[in-house]
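*Asks:* sequence and predicted model, in that order:
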Amino acid sequence: MKRVVIVGMGFGGIRAANGLGGKGLDVLVLDRQNFHLFQPLLYQVATAMLGQESIAHSIRSIIRHYKGVHFEMAEVQGIDLDKKQVITATASIPYDYLVIATGSVTNFFGNEEVKKHAFDLKQLDDAVTLRNHVLSVFERAVKEPDPKVREALMTFVIVGGGPTGTEFAGSLSELTHHVLTKDYPELPVQNSKIILLEASEHVLGPFPKKLQEYAKRRLQRMGVTVRLKTPVSGATFDRVFLKDGGEIPAYTLFWSAGVQAAPLSGVLPVPKGRGGRIVVQPDLSLKEHPEVFVIGDMAHLEQDGTPLPMLAPVAMQEGEYVAKAIVQREQGGQIKPFRYWDKGTMAVIGRSSAVANVGPLKLMGFFAWLAWLGLHLFYLIGFRNRVLTAIDWAFDYLFFDRQVRLITRERSEPADQESHVQNTEVPEQQQHVEAQVEGTGTARGHEIAQGRNAKEKVPA
Ligand SMILES: Cc1cc2nc3c(=O)[nH]c(=O)nc-3n(C[C@H](O)[C@H](O)[C@H](O)COP(=O)(O)OP(=O)(O)OC[C@H]3O[C@@H](n4cnc5c(N)ncnc54)[C@H](O)[C@@H]3O)c2cc1C
């Protein structure tokens, strides 16, 4: 029986696994975490609207319905394309077909200072860390005698006016103005500042002008200061520096100004496009290795002269496509080149307000918001997650309140426990590969943790 290995169980991997289940193939899914994450709602975890468990779903419980599909929790560190083997910390796993669907990471464009001090949102614990931080700065502001430091504690700088930055800014504004004003009567929370910095001339870059203008006006009405054509040059734990020479005292810097292919792309000797995305053939395979497919945020494929965007629907359609392509190949058939069907894009700004660009339809306001809610509930995985999310949304909408206002301290496992769970010995040759996978899991987590620690040290 031929073996298909799928690396990454995000939006693309899950569709590929679903399409390959029950097709007489041995399908092995590898992911460094044991859950599928619904990234579009991460900002709601970061702003205390949803609990982290509402937007994640166990991979094992998803795949138990897919015949012939197995899961192993492992971080892939390299791929030997010639030997057709996937390399993890503990094993080399052979494959006949490989689907690479490892998504993307935040792009700080080489600005180490910003990388050290900024928060970003890519993984579940990023969202929990950011929520902890946002709530902690208010706790610290209560005790802070110096008005200047207090003001900086209650200033939030968001870099990047794309959908993530815009959604986070809107949701943070509602958290502070609707909820935290009631929690902190001793603080002038209404004076807290949320500043959205965008390097280009518009927020929501890919949307039509009319919707961009609506989003900007709406954010401003919600108390968000929108500064366009304002690139950031650097940061310290309590200050954000602008390219025009200005600076903003702020203990919170949230970075959503760019994404790039996941670090695994860096260890593969294949042509790359912008942001390290791997250039693929029209059937999403590699030119020199037709048995290897790359999908989702990792893949660079141009359609009508432009690269496909890094969006969940692209990854999902590509996942479905490669499953069909592999099955067809096994049956000796051919499949037409992949073509992305753009059903439209949406972004939410706040309660009763969103924008939707669906073909000729340019929706904004309440109906766009309703459509956004419905669509996100529909795509969220797991019945329980949908119910929990709907309840939390209804609660927030009706009572102007958010349930998850918890400052939690994440504790790592004792070292001896950890060594029992994972064999951390890495063969010499793999250590080399690991060293090349810059910024993956632990290494990057460590750097971010240093940034967070630095932020947390001073205001105490
Ligand atoms: C905050 C945020 C908001 C977003 N909002 C929207 C939105 O509103 N609409 C939209 O369409 N898109 C949105 N996106 C983009 C969308 O989430 C991505 O385009 C989509 O997730 C890409 O799917 P993927 O399958 O390529 O990768 P992912 O869904 O990122 O999945 C990658 C998987 O690979 C695993 N992985 C990574 N590296 C390794 C490794 N070395 N070994 C093993 N496993 C590995 C990860 O654990 C993960 O499970 C948003 C993204 C973010 C971060």
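*Replies:* Sure thing, it's come through.
*Asks:* pLDDT weak spots in this protein?
*Replies:* Residues of the chain meeting the criterion pLDDT under 70: 410-460.
*Asks:* ok, the one residue sitting closest to the centre of it - contacts?
*Replies:* With distances taken as C-alpha atoms, centre = their mean, residue 122 lies nearest the centre of the chain, 3.2 Å away. By C-beta atoms under 8 Å, 6 or more residues apart in numbering, the contact list for residue 122 reads 39, 42, 104-106. C-beta: built from backbone N, CA, C; applies to glycine.
*Asks:* other residues contacting stretch 136-156?
*Replies:* Stretch 136-156 has contacts (C-beta under 8 Å, 6+ apart) with 134, 172, 180, 183-184, 186-187, 189, 191-195, 238-239, 248-252, 254, 407, 456, 459-460.
*Asks:* and the residue lying farthest from the centre of the chain, what element?
*Replies:* Using C-alpha atoms, centre = their mean, the residue of the chain lying farthest from its centre is residue 332. It sits 37.5 Å away. For residue 332, there is no helix or strand it lies in under DSSP states H and E.
*Asks:* assumed residue 138 was part of a strand.
*Replies:* No. Applying DSSP: H, G, I helix; E, B strand; the rest coil, one finds residue 138 to be helix, outside a strand.
*Asks:* secondary structure class for residue 194?
*Replies:* Secondary structure, three-state DSSP: residue 194 is strand.
*Asks:* re the thing from before, any chance of a PyMOL selection covering the buried ones in the contacts of stretch 136-156?
*Replies:* Those of the contacts of stretch 136-156 that count as buried under 16 or more other C-beta atoms under 10 Å are selected in PyMOL with:
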select buried, resi 134+172+180+183+184+187+189+192+193+194+195+238+239+248+249+250+251+252+254+456+459
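*Asks:* taking the contacts of stretch 136-156 one by one, which sit in strands?
*Replies:* Secondary structure from DSSP state E places 193-195, 239, 248-249, 252, 254 of the contacts of stretch 136-156 in strands.
*Asks:* ok, which pair from the residues you listed is furthest apart?
*Replies:* 194 and 239 (16.8 Å; C-beta to C-beta).
*Asks:* and the chain, which of its residues are near the ligand?
*Replies:* Within the chain, the positions near the ligand by C-beta under 6 Å from any ligand atom are 7-13, 30-33, 39-40, 42-43, 75-76, 101-103, 121-122, 163-164, 262, 264, 296-298, 310-313, 315.
*Asks:* of these, buried ones?
*Replies:* Buried among the residues of the chain next to the ligand by 16+ other C-beta under 10 Å: 7-13, 30-33, 39-40, 42-43, 75-76, 101-103, 121-122, 163-164, 262, 264, 296-298, 310-313, 315.
*Asks:* which one is residue 309 nearest to, not counting chain neighbours?
*Replies:* Among residues not flanking residue 309 along the chain, residue 206 sits closest, at 7.0 Å (C-beta to C-beta, 6 or more residues apart in numbering).
*Asks:* assign that neighbour to helix, strand or coil.
*Replies:* Assigned by three-state DSSP, the conformation of residue 206 is coil.
*Asks:* sorry, back to before: does the residue nearest to the centre of the chain belong to a helix, a strand or coil?
*Replies:* coil.
*Asks:* which one among the ones in strands among the contacts of stretch 136-156 gets closest to the ligand?
*Replies:* residue 254 (10.5 Å; C-beta to the nearest ligand atom).
*Asks:* roughly how far does that closest one sit from residue 164?
*Replies:* Distance, residue 254 to residue 164, by C-beta to C-beta, to the nearest Å: 9 Å.
*Asks:* residue 286: neighbour count?
*Replies:* As a burial measure, residue 286 scores 20 neighbours (other C-beta atoms under 10 Å).
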